[in-house]
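Colleague: Sequence plus predicted model, see below.
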Amino acid sequence: MSGMTDMTGTNTTSGSAASTFTALRGQLQEAAAAFAGGPDALESILLGMVDDVDRAVREPLEIFPVCHHSPASALAMARRLREKQPEVVYLELCEDMAPLLTELRNCRLPVAVQAFAGDVEGFPAEWAPLSVVAPITEASAEYQAIAYALDTPGVELVLVDRSSDHVFQWDSRGGRTPEPAAEDGGSGPGTSPSEAPEAEAALHGEAVGVEIGDLRPRFAELEEHLLRHGKVRHWSEWWHQYVEVPLGDSDHDTYRQVMFLIGSLFRRLAPGDGTRVRVDEDRERYMWTRMREHLAATGTDPEDCLYVCGAFHAASRVEEFGVHGSTGTFTISPRTATTWQYGLIPSSHAAIEAQFGLASGSVSIASTEWAKALRRTRVQPYRLAGQAGAKKSTAKKPRGRQVAVPAQEPPAADRLSGFLRRPPVLDGLDEAELLGWSVDIVRAARRNGYLASTADAIAVFETSILLAGMRDRAKPTPYDFQDAAVTCIEKDRVPGRRDVRRLVEIMMGGDRIGQVGYEALPPLARDVYDRLAPLELKLQQRGVQRALLDMASRPELRACSDVLWMLRRLLPHGAARPVMGERRLGERSIQESWDLALGTHQRALIELGYEGVSLEQVLEQRLRREAYGPRATTATVLAAVEDATLYLGSRRLADELGTHALKVLAAERSVDGAPEVLRRVRGLLAYYRTSEPVLPPWIESFAKTGYAHYCTLLPTAFRDEDATVGQVAAMLGFLFSMESLALSLGCDRTQLELAVAQSHPDDPSKTALLWAAQVQLGTLSRAELRARCDELLDNPLVVPAYPRYLSGFVHALEPVPGLADVVVEAVSNAFGRLPDAVLLPWLPLLITTLRSGAADLAPLLIREAGRIFPGRLAALDAWVPPWRAPRADPFAGRRAESGSRGPRGAALLPAHPATCDAVAGLLGCTEGWTRSDAAPAPSGVGLLAAHPATCDAVADLLGCDGAWVAAGPSSGAALTARHPETAKALESLLTSR
């Protein structure tokens, strides 16, 4: 190797290798001595930087240092590629992303190459899902290298950086990599957070970003010093003024040496973050190891290769640096068993800025500067053939690789000395451009509600020149113009959605949003677009589109409706939103209206493609994952059963998940999900009863198991302070609503009666709930319940707690809806008898209880109150509540009427004897009609004598040990005299009926 530099920066280069920068070393030594008063660490740093540059320049494998999303780097890359025409291009990018790069021609930039893993093996489970993105813009050196290598025959593109799996392997070894800090000044004064393009900035989600050429000082004091003396607000502005502009028109050697110097400076002045430095050095070892392996395997001459990497890594000092570096000292660890999926997702300038902590609008300004540089220098950039959104080039493309330089280039001369001594070249003021900017920003401000005028345009023009002069530059930069526009146009408040700073960013190029083309989409996304083709909408465009589906006239749209409902279930909110129409168990709409934004949510649709090849497969996998997850509850499993029936129509999957719900229910020891379980199982039971000839076996078993399960937990739930009254009411609702089905399947009602009898709640609301359950079981009458409520109101010690009893009665309408009249009576009595000190504080509690926990029960109460209370205000004064009116015998009038008229059927039977004769023939009666003048005989005597077995069985039950007596008029009297208790019981029963 031509030269080496140790970690302290001591120069060990000798001979001709040191001759290139000998003059620069002498100048730096004199400067260090004059500045520090003698040799010290400053001299070692300065000379070490020169050694780093010398080492990188003399490397046989040409190193091309770049900065991410830098127009100067992209311009220098395009020049060098056309000049050298390398056979192999080594690129600093995750090596496992190589197969995706050919699909870039089907996309509109910017897009991001993504590696995604939903299920992880070898990493902590809480990290899942894992995602790595590498955004690519047209104004970047990496895109120029990719376009050249893919469209030039005979050129090979080799990605040499660590794989996506190693990104997280090394993070787990040294801790998660912290997110880059946002630059100061990214959102200046007057910028409202709500106005930031949040949707575009979140296009990458929570993915870990990797970029080529992360070049920013890691020494906070150094960055602060550069910003202060450069009279700029943030790092992007400093880079634009002091690096982009000077290097825009420089030659190849000057560009390389300056970038090497900057990378070495930032590397040597980096703080001692051991984890980050170790990861950087391991990446450099990884890349040089891969390059040497490729060179050895293919036999390619290093002179015919080009290595594109960040300037920070170009100034590397690891032992493995260079084609002649140490071998066998670094071992690449194997990948984990995690399965990675790869694809392209849309990106945007705002997403790139948010991902890597850049100033807002910096990438858009860089894109504008790239277009201006191309027009100024007339350099022809490389673009992939068929690139969406790119202008067609009129120049003829080379048929193959054309070597335009000698095989052996002369060693590079020292260009750093002249560049560092040369005063900055001040660009002349382009008045036409600045005037155009000033007019355009005033026009944009007017459209957004600002009261701007021509005077404001003149003020912006003059202020831009003034600010540029104060910052030691003759030509105002876009950042100077932005500050001038904010100063002259911005008001105390923003009248519209965007402030002036955001308007300038849009005017300078805006937030360009990329799009992944149809051919580059995964199979699932293409299948979705194909199945929605009958809608005749441009669904790949961004924005919201309205879709109208009339399934009555166009039955083929039912398949589109099924796809849209699945997308609504799988994609984020807003991707597919129904405006009209709904889908519930047993119900299908004949007309639907949708707001679709699939183009805006293209990333989410693409990530669905990583999980399967069809929507049905992905939805089934997610339902299984939710149902069999470690945190799955009975309610979540039943929800999965409902979704499987609703969206997939799969009886097989529904039966499987329903059977699993039985196991989850049996293992639960709490009642937290009881309300949701009740709601889900009621809906499923009603659906199966109306659509299936028989109930599925699993839901019968669920009713039987749930009945026994909740009976067991009921006494504990009544005493448990953590169990709410709504949860206990849901348990009782399950038991009472499923009682008939459970009893038909073999359950015993005694279990429920014992559970209620063993319940002894302390909370007033649960006590009222228990009373309602006793009324439903028949162990407590309504009269006794009313009496208990009156006792509560009569007891001054209990009156403050009476509203809590009422809350329990309101929740009791869920299991016992027949108590609606009693609840209305209790609430009415409370309003009539409770003092204001108790009633007024309770009213908000009553309203919140009805709204949150009993919203479905409010209509029942209102309907019952409307039935009881008078409908007109005039009738209210004379109205007497039904519970205060005297109770009359409802059958007294009928008995008096029947007694005065005689037997109602006596006249009807003789008038139509044929009917009576037919019934007598069926019963085997042959006695014939009784004469009307005959004396009446006891009607039941003949029947008892004809069927003595029945009478004997009843006598045994009653304990009668006597024999039969002769029939006669006094038979009933004798029986009554012998068994007075039975007679009284029968009399009371008849009276109550």
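Modeller: Sure, I can see it.
Colleague: From here on, just use CA atoms for contacts and neighbour counts.
Modeller: Noted.
Colleague: what comes up buried for stretch 231-250?
Modeller: Going by neighbour count (16 or more other Cα atoms under 10 Å), the buried part of stretch 231-250 is 232-241, 243-249.
Colleague: Mind telling me what element the residue lying closest to residue 926 once chain neighbours are set aside is part of?
Modeller: Spatial nearest neighbour of residue 926, excluding adjacent residues (Cα to Cα, 6 or more residues apart in numbering): residue 920 at 7.5 Å. Element membership of residue 920, judged by DSSP states H and E, is helix 913-923.
Colleague: Please pull up the helix or strand immediately following the host helix or strand of residue 27.
Modeller: Assessed by DSSP H and E, residue 27 sits inside helix 22-36. Using DSSP H and E, the helix or strand that follows helix 22-36 in sequence is helix 41-57.
Colleague: CA-only coordinates of that next one in PDB, if you can.
Modeller: Output of helix 41-57 as PDB, limited to C-alpha atoms (Å, rounded to 0.1, in the frame of the first residue of the first chain):
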ATOM      1  CA  ALA A  41      -2.800  17.800  18.500                       C
ATOM      2  CA  LEU A  42      -3.900  20.300  16.000                       C
ATOM      3  CA  GLU A  43      -0.900  19.600  13.800                       C
ATOM      4  CA  SER A  44      -1.600  15.800  14.100                       C
ATOM      5  CA  ILE A  45      -5.200  16.300  13.000                       C
ATOM      6  CA  LEU A  46      -4.300  18.500  10.000                       C
ATOM      7  CA  LEU A  47      -1.500  16.300   8.800                       C
ATOM      8  CA  GLY A  48      -3.700  13.200   9.400                       C
ATOM      9  CA  MET A  49      -6.400  14.700   7.200                       C
ATOM     10  CA  VAL A  50      -3.900  15.200   4.400                       C
ATOM     11  CA  ASP A  51      -2.700  11.600   4.900                       C
ATOM     12  CA  ASP A  52      -6.300  10.300   4.600                       C
ATOM     13  CA  VAL A  53      -6.700  12.200   1.300                       C
ATOM     14  CA  ASP A  54      -3.400  11.000   0.000                       C
ATOM     15  CA  ARG A  55      -4.300   7.400   0.900                       C
ATOM     16  CA  ALA A  56      -7.700   7.500  -0.700                       C
ATOM     17  CA  VAL A  57      -6.400   9.200  -3.900                       C
END
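Colleague: Let me know whether residue 304 touches residue 81 as I believe.
Modeller: No - using Cα atoms under 8 Å, residue 304 makes no contact with residue 81, being 11.4 Å away.
Colleague: so how many other residues sit close to residue 330?
Modeller: Neighbour count for residue 330, taken as other Cα atoms under 10 Å: 13.
Colleague: Quickly note the distance from it to residue 336.
Modeller: Plainly put, residue 330 is 19 Å away from residue 336 if you go by Cα to Cα, to the nearest Å.
Colleague: Counting neighbours, show which residues of the helix holding residue 920 come out buried.
Modeller: Residues of helix 913-923 classed as buried: residue 917 (neighbour count, 16+ other Cα under 10 Å).
Colleague: which residues are in contact with it?
Modeller: For helix 913-923, the external contacting residues (Cα atoms under 8 Å, 6 or more residues apart in numbering) are 909, 926.
Colleague: how many neighbours does residue 866 have?
Modeller: Using other Cα under 10 Å, residue 866 has 11 neighbouring residues.
Colleague: for residue 103, same thing?
Modeller: 18.
Colleague: again with residue 675
Modeller: 20.
Colleague: wait, it sits on residue 725?
Modeller: No - using Cα under 8 Å, residue 675 is not in contact with residue 725; the gap is 10.6 Å.
Colleague: quick one: buried residues of stretch 257-275?
Modeller: The neighbour-count check on stretch 257-275 (16+ other Cα under 10 Å) flags 257-268, 270 as buried.
Colleague: Lowest pLDDT pick from these?
Modeller: Within the set of the buried residues of stretch 257-275, pLDDT is lowest for residue 270 (68).
Colleague: Which residue ranges of this structure form strands?
Modeller: Remark: strands assigned in the chain by DSSP state E are 62-66, 88-94, 111-117, 130-136, 156-161, 208-209, 305-310, 341-346, 545-550, 576-580, 591-596.
Colleague: Correct me if wrong: residue 59 contacts residue 322.
Modeller: Yes - Residue 59 is within contact range of residue 322, at 6.4 Å (criterion: Cα under 8 Å).
Colleague: picking up where we left off before, the buried residues of stretch 257-275 in helices, which ones?
Modeller: 257-268 (DSSP state H).
Colleague: May I see these arranged in JSON lines, with distance to residue 483 as well?
Modeller: Shown next, in JSON lines, are these (distance: Cα to Cα, whole Å):
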{"residue": "257", "distance to residue 483": "33"}
{"residue": "258", "distance to residue 483": "30"}
{"residue": "259", "distance to residue 483": "29"}
{"residue": "260", "distance to residue 483": "32"}
{"residue": "261", "distance to residue 483": "31"}
{"residue": "262", "distance to residue 483": "28"}
{"residue": "263", "distance to residue 483": "30"}
{"residue": "264", "distance to residue 483": "33"}
{"residue": "265", "distance to residue 483": "30"}
{"residue": "266", "distance to residue 483": "29"}
{"residue": "267", "distance to residue 483": "32"}
{"residue": "268", "distance to residue 483": "34"}
